[in-house]
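Student: Next come a sequence and a model predicted from it.
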Amino acid sequence: MAFLEKVPILKKLVDTGYAILLVIVISALVGLILAFPVKLLWNYVFGKYLEINWFEAWALNVLTGILFGQRISSK
């Protein structure tokens, strides 16, 4: 890592990349944890007909977030 100390812009770029990667990983983990209640509720309501797994519940959370997410209005 001595090379990164000599080129400050490269060090800043690597640090920014690590920060972005950390945010993505933490967001995915939190999303998977929050998908667990969705999975339980879905399987309780529709269990006879259609069961979903954890990743399908996570995808359902992402889809509803896209469709029904908060809209910011600047008036």
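Tutor: Nice, thanks for sending it over.

Student: quick check: longest helix of the protein.
Tutor: helix 8-46 (DSSP state H).

Student: Poorly predicted segments of this protein, please.
Tutor: Applying pLDDT under 70 to the chain flags the ranges 1-4, 75.

Student: re earlier: show me what the following helix or strand past the longest helix of the chain is packed up against.
Tutor: Of the helices and strands lying after helix 8-46 in sequence (DSSP states H and E), the nearest is helix 54-68. For helix 54-68, the elements it packs on are helix 8-46, judged by 3 or more CB pairs under 8 Å, 6 or more residues apart in numbering; DSSP states H and E. C-beta coordinates here come from the backbone N, C-alpha and C atoms, glycine included.

Student: Just the buried residues of the helix it packs on, please?
Tutor: Neighbour-count burial for helix 8-46, counted by 16 or more other CB atoms under 10 Å, picks out Ala35, Val38, Lys39, Trp42.

Student: The last one contacts Ile52, correct?
Tutor: Yes. In this structure, Trp42 sits in contact with Ile52. The criterion is CB atoms under 8 Å, and the distance is 5.4 Å.

Student: Touching both of the two, which residues are there?
Tutor: Shared contacts of Trp42 and Ile52, defined by CB atoms under 8 Å, 6 or more residues apart in numbering, are found at Leu60.

Student: Can you name the residues that contact Ala57?
Tutor: Contact analysis of Ala57 by CB under 8 Å, 6+ apart lists Ala35, Phe36, Val38, Lys39, Trp42.

Student: Kindly report the same for Trp42.
Tutor: Glu51, Ile52, Ala57, Leu60.
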